Every structure is written in structure tokens, then in C-alpha cells.
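1. sharing a sequence plus its predicted fold:
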Amino acid sequence: MRRNLAARIGVWSAHHRKTAILGWLLFVVLATGIGGASGMVEMSDAENGAGDSARAERILSDAGLGKPAGELVMVSVGAAGDWKEAARDLTEAVRRTGEVRNLAPPVPSEDGREALITFEMKGEAATSAERVQPVLDAVSSVRETHGNVEIHQFGEASAGKWLGDLLAEDFKKAEFTAVPLALGILLVAFGAVVAALLPVGLALTACMAAFGLLSLASHQLHLFQTTYSVMFLMGFAVGVDYCLFYLRRERDERAAGHDAETALRVAAATSGRAVLVSGVTVMVAMGGMFLSGLLLFKGFALATIIVVFIAMLGSVTVLPALLSWLGDRIDAGRVPLLNRRGKRGASAGGGIAGTVLKPVLARPKVFAIGAVTVLLALAAPVVGMKTEALGLEKQFGSDSELSVAHRHITESFPGGPDPALVVVRADDIGTPELRRALGSFDRVSVHAARNVAEIEVPLPDGTADLAELREHRLPRAFDGTGAEVYVTGEVAGSVDFNDQLKRGMVPVFAFITVVTFLLMLFCFRSYVIAVTAILLNLLSVGAAYGVMVAVFQHGWGASLIGSEGVGAIESWMPLFVLVVLFGLSMDYHVFVVSRIREARNGGLDNRSAIDTGIRRTAGAVTGAAAIMVAVFAVFGTLSMQDMQQMGVGLAVAVLLDATIVRMVLLPSVMLLLGERNWRTPRGLSRLPAPEHGDPETGGGPDRGPETSGVPAGAGSPG
């Protein structure tokens, strides 16, 4: 009988297990070693930006005028003028470090109680965080000497140092928390130590190999500094899930009485195939981010595609080899009271799945309406979603030292920390017209040899002042001069990034919906299944958006997770969450609907097939969702606001997807649609039908326990 690709790969791996296992280990070692030796290349400000702000950064870069890392230090006292001694000591201490230039005299505030000292770090801005520690120490020593004076520091180098240290600490926290959590959940799911260790080990080795390959790729496509965190988040969760689906089916087949070889072949033909389909769907969905027009998302896309591909590859190659080698030793280290998988004759209708599914199938219309209502209610806050590129002062929380410094400096010197930088380029920067135009501004630096000028303009009112500058002030000043005039800076960069995201959202959304539809159509030969998959995904995404807005924009319940509302969602988050959830939701959808289709192919009617498929995948889906939610929730506890938003958004979406969507909405909608679920378009009717079961054992669930390949009650979480 014809076997599908996953079955052929699984059988080959089982028969050549030494080659498969040693080949995998060699691949991981080589990828990790070579990638580690090459190092990662991060993107520049010009590469990370969009619109006019990116054009301005490119002009400066091409002219060799890379913007130095600026630092601001504010000295604050109780009475006007009392800051002078502390400011003098501070200036001298910073100068002695030898790491700064353009150290300006203190500038007093309007009330005379504060003074602002500005300077720049020597060398390239990109590496300034590595050299700023002596400056931080100098400022700290003056702070200790003058105990009656408040000293606040904020700047690119100091913030970069803070961020780098925090990311390293957070990544360790995520790794050392997510792994034990996943192990604990798998131990409960399988009741055996070896069975629990196997998915975690494969997921970690997949992430290690992916890190190495991504480092190599970064020399061609430069990456954002949080890309590794995103890769680990996705890779570990997906890697464990794929192994869990495969391993769960193999153990179900063994519990049904099949020999090891038959059980492994059935698992490869069914769960292995589902892993291939869902993995390809995730990778294709991630590919949609290449259409965003932003290098940030191209890096995210590359990272997730690499790690998902490696996790998928390991699940269908080295996992069957390991299972073949381990045999019954997969149950080694059984935990009392947890290992119940060997029990035969368990009721197929028991457990949580049976309890939930029985009323859903009895009243599908009521439960479908109820589930949609709940998801739409959760999605309601998305109507007022506001996005922006969150500055470092918002990333770390209002009580962090960095945020406090930014807030105090901004209040005393409006526009100081986040001024706009106007970049002017002309064929001849010294023409009378351009000299007059530049003369209408206060803080101007002219680089005559490069025909470039820089103008620093404070923005006390943020985006409102930026709009006035771009739309009125600059056109009036430079009209008729023939010069190129662009504005960059933190505020301008955020506005331009948001504008590009809005333009990029449409092609990305169109791409992933069309591709998801086509993949589901080809996989299940049903346009109804394909459309249903997209609609259910959109409901999950909408609900996740709504929760993110409620918690992180409005601050509702944010304190419960140690966070706070910052008035906006990180600008890259909506697009990223959309693409990721469209991909990840396919894991559950393909796995569950494949099992329903398998039951349908075995001769059951639509209602019985839905009942059987949902019940028998409930345990695997519950375990997989619990692991994903746990891993994502860990990221929700990290220090940075964008990591918190990503973790909570994805955790909520997966939780809703595995419960309300898969256990309530999917079965009720499929039951209401009836036989229309399985209508095959005429154009696909001539193509070979994809297998949803093992062709050598059948695939229908209506056989006895000795021949079915599916144990009674398999997959019930209860």
C-alpha cells in the first residue's frame, strides 16, 4: 500500500536509527559551533527604520557621519543655583574617564533648581554600550559624594548597557524557567521520566542548531537584538509540541496492543503527517512577514522559519529512530499515580473531553453562538488600539531607574531626551539660499566637505511638534533650495515605523490568509474546512489583541502580572502576533481535523467522526497547549514591556484556541455544517487523496482494539 511522506521517513529512520541519531547530533554540533564562531550581526538604525527617518540615517551613514551616542545627566537640588558644585565635580569626573567628547557646560532650568550636562561617547554608537561603564561609575561616585543632590542619567549608551544586561538576564530566566515547566507538564502527561525528557531534549537541540544557523544568516540579513528571544520562544514551544503529538500517538498505538514497529508506522503516517503539514503551514505563514517592508520582520521571519523547520525535521527523523531504539524503555522512570497510559478498556467518553463535548454536540447552535460571543467580547478593546515604538523609558516600567531619569529630564527640559534631528543634503551646502535656511534654526552643524547639515530641534509636544516641523516649518525654510531634507530621531522613527506597518499589514494579511486557505484546501480537499480554519484563527487573534490592549494599553489587571499600562501596544506586536498565531493555530487545527478526517474515512458519520476525533486528540492538545501557554507566560513575566506583551498575547491566544475554539467552537460549527465539511472542489477531485491514517492498518476508528491502532479512550485528558 502507498505510504505518505511522513510514514516513509519514519520507517527509514527506524530501520537506520544509528545513522539518523548520529546524523542529528553531528548536525547540531556543527551548526552550533560554526554559528557561535561567526557571531551575530545586528541591524543599524537605518536598517531598522522606515520612511524619511531611515533616509536621514542612510545619508548620515553614507557620509560617514554616524550619529554618536549622546548622554544627558541632570543635577537637581532644592534651591536655585545649589547644583553648581555637584555639576563641576560631575563634569570633571566624566572628563577623566577619557571616553567622552563634546562635554558641554551645565545648562540651568527655568527655575534654576536643575542643570543639564550633555556629552557624547567616543567611537561608534553601536558599540558605545560596551564602553559606557566607566562613565556610569563616575556619575555614581559623584552621586554618592553629594548625597543631598539628585543625579539622573539617560542616553543611548547607558540605556543600551541597561538593555543588554537585562536581555541577558531575562533570556537566562526564560530558559531556566520554561524548561522545568515543560518537563513538569510532560511528566504529568506521560507519567514517565524518559518520555518527558525526550521532547524537551529534541526541542533544545533544535534551538541550539537554529541559533547557529541564524548567526550565520545574520551576516547577510542583519537582525534585531531580541530576535534570539523570539526564536527560543517559538522553537522550544513548537519543538516540544511536535514531539508530543508524535510520541502520544505512538504510545496510544502500543497501548492498543500493536507491536512496536506497527505503532511507530501508524504514528508516522498520522501524527508525523500532521507535523509536516502544520510545520509547512507555520513556515509559510511566517514567510508573509517578508512582505512587511521592514528588516525587523524579515529577521523574525527568518528566525522562526529556521527553528520551525529544524524542529519539524527532528520530529519526523530522529524521533522515530529514538523511539525505535528505546522501545519499551520509553516508559522508564514511571511516576506512581501518573502513568495510566497502559490501562486498557478505559471509557472513550470519560474525562474532561467527554464532559465538555457531550452538551456541545447536543446543542451546537447554542454553544457556537456563546463561544463567538465570548471571543468577540474579549476582542472588543481592540477598537481603541494605539501602537507606537515604545521608548526605553516605557519598556522598563515607570519605577525603573531609566524611566525615572527620562521622566525627570523631560519634565525639567522638555524635548531634551528625544529631539528631532533634521538632516539636509545638497549638491552645495554653502549656497546663499541654504545658508539663510539653516540660519533660521538654532542648533546647526554643517559638514561642508560632505555637503550635509544636521539640525537638532526639540519636540516638547512629541508627534504634534514633529508634524508641524515636517509639514510647515521645514517646507517654508527649504522651499526652492533644491536640498533633500529628512527628519529622524526617536519620535520620527516611531511615526515612520508605524506608517510602514500600516501599509505592510494588508499584503501580509492577504498572503497568510490565501496561503493558509490553499494549504488547508489541498490537505483536507475541502474549502469549508479551509474557510473555517481562517475564521477561527481570526477570532483567536482578535481576542488576543483585545486582551493585550486591555492589559497593556489601558492597564486593566496589569499589576496582577507585575506590569503596567503604558498607553500603547508595541508597534511591531500586532503584525507579529497575527502571523505567529495564524501559524501556531494550524498545529491544533491540522492535528484535530486530521483525526476527525481519519475517523470519517473509517466509515463514521459526521457527528461520530467529530466526537471521536475531538475526544482522542483532547489529551495531546491539552498537553501541547499547556506547554505553549507555560512557555509564553514565562515571557510575560520578563522585564521588558514588549516581551510581556508578546508572552501574554500568545499565551492567551493559545489558551483560548485550545479550549473555547477547539473544544467548543470547532465541533459545534462542524456539526452544524454537516456533510458540507467534506465537499471536495471539482478541481481537486482528480488529485490523489492525501492519507489521513495508516493505509496498512486502515485508519478508521470503528475497529476493535486489536486492529484499530487507536485505544479506547486515547487522548482523554481525564
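-> All right, it came through fine. No experiment lies behind these values; they were computed from the predicted model shown.
2. now do residue 501 against residue 494, distance only.
-> The spacing between residue 501 and residue 494, counted by CB to CB, to the nearest Å, is 11 Å. To be clear about C-beta, it is placed using only N, CA and C from the backbone, and glycine gets the same treatment.
3. overlap in contacts of the two?
-> residue 571 (CB atoms under 8 Å, 6 or more residues apart in numbering).
4. show me where the stretch 251-400 of the chain has helices.
-> 260-267, 273-287, 295-316, 318-326, 351-362, 364-379, 392-395 (DSSP state H, counting those that start in this stretch).
5. I meant the stretch 551-700 of the chain, not that one.
-> For the stretch 551-700 of the chain, the helices defined by DSSP H, counting those that start in this stretch cover 573-601, 606-635, 641-656, 666-673, 682-685.
6. quick one: low-confidence ranges for this protein?
-> Residues of the chain that meet the criterion pLDDT under 70 lie in 1-3, 337-351, 415-418, 683-718.
7. residue closest to the middle of it?
-> The centre of the chain sits closest to residue 230, judged by CA atoms, centre = their mean, with a distance of 4.6 Å.
8. helix, strand, or coil at residue 116?
-> Look at residue 116: counting by DSSP: H, G, I helix; E, B strand; the rest coil, its state is strand.
9. just to revisit the earlier point, looking at it, the residue nearest to the centre of the chain is touching residue 303, isn't it?
-> Yes. The criterion here is CB atoms under 8 Å, and residue 230 meets it with residue 303 at 6.1 Å.
10. how far does stretch 479-491 sit from the chain's center?
-> The chain centroid and the centroid of stretch 479-491 are separated by 34 Å under CA atoms, centre = their mean, to the nearest Å.
11. what do you get for stretch 355-365?
-> 34 Å.
12. hmm, who's touching that stretch?
-> Against stretch 355-365 from outside (CB under 8 Å, 6+ apart): 349, 367, 607, 610-611, 614-615, 663-664, 667-669, 671-672, 718.
13. show the contacting residues for residue 319.
-> Counting by CB under 8 Å, 6+ apart, residue 319 has contacts 13, 198, 202, 243, 246-247.
14. any chance of those in TSV, with distance to residue 288 and secondary structure too?
-> Listed next are the contacts of residue 319 as TSV, based on distance: CB to CB, whole Å; DSSP: H, G, I helix; E, B strand; the rest coil:
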residue	distance to residue 288	secondary structure
13	31	helix
198	32	helix
202	27	helix
243	26	helix
246	27	helix
247	30	helix
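15. which of those count as buried?
-> Neighbour counting over the contacts of residue 319 (16 or more other CB atoms under 10 Å) leaves 13, 198, 202, 243, 246-247 as the buried ones.
16. ok, the residues you listed vs residue 421, which is closest?
-> Nearest to residue 421 out of these is residue 202 (CB to CB; 48.5 Å).
17. who are the neighbours in contact with the closest one?
-> Taking CB under 8 Å, 6+ apart, one finds 239, 243, 311, 314-315, 318-319 in contact with residue 202.
18. okay, now the spatially closest residue to residue 224 that is not a sequence neighbour: neighbour count?
-> Closest residue to residue 224 apart from its sequence neighbours, by CB to CB, 6 or more residues apart in numbering: residue 296 at 5.1 Å. Counted with other CB atoms under 10 Å, the neighbours of residue 296 add up to 24.
19. tell me who's in contact with residue 296.
-> Here residue 296 is in contact with 43, 48, 224, 572 (criterion: CB under 8 Å, 6+ apart).
20. now swap in residue 103 and tell me
-> Contacts here follow CB under 8 Å, 6+ apart; on that basis residue 103 touches 91, 94-95, 117-119.
21. out of the helices of the stretch 251-400 of the chain, the one nearest residue 676 is which?
-> Nearest of the helices of the stretch 251-400 of the chain (CB to CB): helix 364-379, 13.9 Å.
22. save the contacts of residue 319 as a markdown table, and put in distance to residue 208 too.
-> Putting the contacts of residue 319 into a markdown table (distance: CB to CB, whole Å) gives the following:
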| residue | distance to residue 208 |
| --- | --- |
| 13 | 20 |
| 198 | 16 |
| 202 | 11 |
| 243 | 15 |
| 246 | 20 |
| 247 | 20 |
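23. what is the nearest of those to residue 647?
-> Using CB to CB, the contacts of residue 319 come closest to residue 647 at residue 243, 22.1 Å.
24. secondary structure element holding the nearest residue to the closest one once chain neighbours are set aside?
-> Spatially, and ignoring its direct neighbours in sequence, residue 243 is nearest to residue 199 (3.5 Å; CB to CB, 6+ apart). Per DSSP states H and E, residue 199 falls inside helix 193-217.
25. please compute how far that helix lies from its chain's middle.
-> For helix 193-217, the distance to the chain centre is 17 Å (CA atoms, centre = their mean).
26. tilt between it and helix 318-326?
-> Angle, helix 193-217 to helix 318-326, by axes from the mean of the first three to the mean of the last three CA atoms, to 10 degrees: 150 degrees.
27. the inter-axis angle of helix 193-217 versus helix 606-635?
-> 70 degrees.
28. list the buried residues of helix 193-217.
-> So helix 193-217, judged by 16+ other CB under 10 Å, has buried residues 193, 195-200, 202-217.
29. now tabulate the helices of the stretch 551-700 of the chain in CSV and tack on distance to residue 22 and mean neighbour count.
-> Shown next, in CSV, are the helices of the stretch 551-700 of the chain (distance: least, CB to CB, whole Å; neighbours: other CB atoms under 10 Å):
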stretch, distance to residue 22, mean neighbour count
helix 573-601, 29, 26
helix 606-635, 28, 24
helix 641-656, 35, 25
helix 666-673, 41, 22
helix 682-685, 41, 9
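30. got those helices as CSV, with distance to residue 485 columns?
-> Converted to CSV, the helices of the stretch 551-700 of the chain look like this (distance: least, CB to CB, whole Å):
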stretch, distance to residue 485
helix 573-601, 30
helix 606-635, 41
helix 641-656, 32
helix 666-673, 55
helix 682-685, 55
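31. identify whichever of those helices lies nearest to residue 521.
-> Across the helices of the stretch 551-700 of the chain, residue 521 has its closest neighbour in helix 682-685 (7.1 Å, CB to CB).
32. any chance you could list what contacts stretch 128-143?
-> 68-69, 71, 73, 86, 89-90, 93-94, 96-100, 121-123, 149, 151, 153, 156-158, 160-161, 163-164.
33. now which of the residues you listed would you call buried?
-> Neighbour counting with 16+ other CB under 10 Å marks 68-69, 71, 73, 86, 89-90, 93-94, 97, 99-100, 121, 123, 149, 151, 153, 156-158, 160-161, 163 as buried within those.
34. so which of those sit within strands?
-> Secondary structure from DSSP state E places 71, 73, 100, 121, 151, 153 of the buried ones among the contacts of stretch 128-143 in strands.
35. and the third one, bridged to which residues?
-> Spelled out, that is residue 100. Following DSSP bridges, residue 100 is listed with bridge partners residue 121.
36. name the SS class of residue 441, please.
-> Under three-state DSSP, residue 441 comes out as coil.
37. any idea how far the residue of the chain most remote from its centre is from residue 481?
-> Here the chain reaches farthest from its C-alpha mean at residue 432, the gap being 51.5 Å by CA atoms, centre = their mean. Distance of residue 432 to residue 481, computed by CB to CB: 10 Å.
38. likewise for residue 44?
-> The value you get for residue 44 to residue 481, if CB to CB is used, is 28 Å.
39. do residue 139 as well
-> To residue 481, residue 139 is 42 Å away according to CB to CB.
40. quick check: residue 524 touching residue 597?
-> Yes. With contact defined as CB under 8 Å, residue 524 counts as touching residue 597 (6.2 Å).
41. how far away from the center of its chain is the helix or strand where residue 57 lies?
-> Per DSSP H and E, residue 57 falls inside helix 51-62. Here the centre of helix 51-62 is set off from its chain's centre by 28 Å, with CA atoms, centre = their mean.
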